[in-house]
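> got a sequence here, can you model it:
(one chain, ligands or ions: 1)
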Amino acid sequence: MNFISTRSPEVRVTLSDAIARGIAPDGGLYVPASFPRLAPESFVGKDSIAAVAEHLLRPFFDGDAMAAELPAICRETFNFKAPLVKLPTSGPAHVLELFHGPTAAFKDFGARFLAATMERIRSRESNKLTILVATSGDTGGAVAAAFHRRSKIEVSVLYPKGLVSPRQAQQLACWGDNISTFSVRGSFDECQRMVKEAFLDASLSKTHQLSSANSINVGRLLPQMVYYATSSLQIWRESGRNANYIIPSGNVGNAAACIFAKQCGLPIGDIVLATNANRAINEYLATGNWQPRASVATLANAMDVGNPSNMERLRTLFPNVDALRGQVGSDTVTDEQIKARIVTDLKQLDQVWCPHTAIAAEVYSRLSASRGDEPWVIVSTAHPAKFNDIVEPLIGRSIPIPDALARLLSLPKQETEIAPSLDALRRELQGRKLQA
Ligand SMILES: *Cc1c(COP(=O)(O)O)cnc(C)c1O
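Residues are numbered from 1 along each chain as shown. Below is the predicted model of the structure:
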């Protein structure tokens, strides 16, 4: 299978190349040149997530140098559960819990798959790769956890000092070894600018081979198809019906993976993008004009994206707005509605949502008024204990912390504070190289 650039279909590469490069030479994003059609029946006997993953992802690895490694990559990536939990509603509604990985958010799936594949791609090279990640919170922790102690790969995480929650800061800084964490005296935008400048810096390119692990890498989307496969197959086997998904969306990587899974023939019905006050997608679906915006801060901060990069992928696959409307719907939720939904659903459903998941739960409550008899799935993107500072005051009690997260919170912090400049970052990276 080939992967093509969103900006020119003549740019065709293998999966290994698409993952190693991250972004196409023409500045576009990689998408699969086509989607395989897999009948639901073909998954019979695939009883673990890893087995479903191997069957679903096999065609994308077809002809790639890594193809023989796929079973091992899947076992390494999918070694925690992604359960579909029935909700106590009158209709057949479920929550898909994607927070049982090392950093308690769905980004663990993509980061772990990327780490497993990149380590194997690197094993054929002699020099080390340095991955730079600028993070506003969740991504950096998932990437650090996934790449920790992988050979021939160093990771530098940059985050804005004082602008992430204390628990997020701890998850970014508890690693050491091949992970360097920099608390930058600046904003997230400055962290991102430093990373972009580092890629263009002549001096750094002499000493370091740099790469990125942010969500434009197609290696983060493919593994996210897998939990849509396992959950939709479960509902299809139990009821013979297509599952409808409500997905809390920011950069739209998670929802893009659901659309990919549907293209592959999985029994998926409606896909609804649930957004916070960042509404560029809702406006596009309503008006047909694509108008990126500056991002707005909300309680669901991992979805504070004004210019979602995966829209470039969706608009390439579905070039006119009507085609995209045939694939997805959307709805939007305010901070006040997030808070109210967290309070209501603790009482009504005995569920404690994180602020992102609460957005999907609110959209479900609107849809279920007229379509409550359909098999809806609320996609739960993070464990509420990650956002205890927001959720605990609303529900008036403390949230038990998952074991994996508790372990990270107990580790010593190892980070270096730096100024928001390329000079400061370059000094650190080149200094570390000399010590190594
Ligand atoms: C990243 C993130 C999202 C948004 O996912 P996208 O793929 O960017 O749309 C939603 N919820 C949580 C908890 C996240 O970390």
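> CA atoms for contacts and neighbours, from now on please.
Noted.
> okay, residue 4: pLDDT?
In this model, residue 4 is scored at 96, pLDDT.
> what of residue 151?
Reported pLDDT at residue 151 in the predicted model: 89.
> from the ligand, how far out is it?
Look at residue 151 and the ligand: by Cα to the nearest ligand atom, to the nearest Å, they are 26 Å apart.
> burial count for that residue?
Residue 151: 14 surrounding residues under other Cα atoms under 10 Å.
> cross-check the contact I'm expecting between it and residue 119.
Yes - applying Cα atoms under 8 Å, one finds residue 151 in contact with residue 119, separated by 6.8 Å.
> where does the chain dip in pLDDT?
Along the chain, segments meeting pLDDT under 70 span 433-436.
> residue nearest the middle of it, spatially speaking?
With distances taken as Cα atoms, centre = their mean, residue 107 lies nearest the centre of the chain, 3.9 Å away.
> quick check on it: phi, psi?
When read as degrees, to the nearest 10, the backbone of residue 107 gives phi -60, psi -20.
> skip the chain neighbours and tell me the closest residue to it.
Distances taken as Cα to Cα, 6 or more residues apart in numbering place residue 142 nearest to residue 107, at 6.1 Å, with adjacent residues excluded.
> how about the one you found, secondary structure?
Classification of residue 142 using DSSP: H, G, I helix; E, B strand; the rest coil returns helix.
> tell me who's in contact with it.
By Cα atoms under 8 Å, 6 or more residues apart in numbering, the contact list for residue 142 reads 102-103, 105, 107-108, 111-112.
> tell me how far stretch 55-72 lies from the chain's centre.
Stretch 55-72 sits 21 Å away from the centroid of its parent chain (Cα atoms, centre = their mean, to the nearest Å).
> how about stretch 123-140?
16 Å.
> who touches that stretch?
Contacts of stretch 123-140 (Cα under 8 Å, 6+ apart): 105, 107, 122, 152-160, 163-165, 168-169, 172, 188, 191-192, 195, 208-214, 302.
> these in strands, which ones?
In strands, defined here by DSSP state E, the members of these are 153-160, 209-212.
> ok, which pair from these is furthest apart?
160 and 209 (24.1 Å; Cα to Cα).
> show me the helices in the stretch 201-350 of the chain, by range?
With helices called from DSSP state H, counting those that start in this stretch, the stretch 201-350 of the chain shows them at 202-207, 218-221, 225-239, 253-263, 280-287, 311-317, 321-325, 335-349.
> alongside the ligand, which residues does the stretch 51-200 of the chain contribute?
For the stretch 51-200 of the chain, the contact set with the ligand under Cα under 6 Å from any ligand atom comprises 105, 138.
> for stretch 419-426, the distance to its chain's centre please.
Put simply, stretch 419-426 sits 27 Å off its chain's centre (Cα atoms, centre = their mean).
> list the buried ones in that stretch?
Buried residues in stretch 419-426, defined by neighbour count with 16 or more other Cα atoms under 10 Å: 420-422, 425-426.
> save the contacts of residue 142 as a markdown table, and put in distance to residue 339 too.
Converted to a markdown table, the contacts of residue 142 look like this (distance: Cα to Cα, whole Å):
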| residue | distance to residue 339 |
| --- | --- |
| 102 | 27 |
| 103 | 23 |
| 105 | 20 |
| 107 | 23 |
| 108 | 26 |
| 111 | 29 |
| 112 | 32 |
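> which two in those residues are spaced the farthest apart?
105 and 112 (12.0 Å).
> pick out whichever of these two has more residues nearby.
More crowded of residue 105 and residue 112, by other Cα under 10 Å: residue 112, with 28 against 22.
> find the nearest non-adjacent residue to the more buried one, please.
Leaving aside its sequence neighbours, residue 112 sits nearest to residue 146 (Cα to Cα, 6+ apart; 4.8 Å).
> what about the one you found, which helix or strand?
Taking DSSP states H and E as the criterion, residue 146 maps to helix 138-147.
> among the helices of the stretch 201-350 of the chain, which is nearest residue 16?
Of all these, it is helix 218-221 that lies closest to residue 16, at 9.0 Å by Cα to Cα.
> does that closest one reach the ligand?
No - Helix 218-221 is not in contact with the ligand by Cα under 6 Å from any ligand atom; minimum separation 8.6 Å.
> who are the packing partners of that helix?
Other helices and strands packing on helix 218-221, by 3 or more Cα pairs under 8 Å, 6 or more residues apart in numbering; DSSP states H and E, are helix 15-21, helix 107-122, helix 253-263.
> name the residues that touch that helix?
18-19, 22, 29-31, 109-111, 113-114, 215, 253-254, 256-257.
> ok, so of the contacts of residue 142, who is nearest residue 308?
Residue 308 has its nearest neighbour among the contacts of residue 142 in residue 107, at 16.0 Å by Cα to Cα.
> about what we covered before: quick one: residues contacting the residue nearest to the centre of the chain.
Contacts of residue 107 (Cα under 8 Å, 6+ apart): 138-139, 142.
> please redo it, this time with the cut-off set to 10 Å
Residue 107 makes contact with 98-99, 101, 138-143, 215, 220-221, 224, 253-254, 381-382, according to Cα atoms under 10 Å, 6 or more residues apart in numbering.
> no further queries at this time; thank you.
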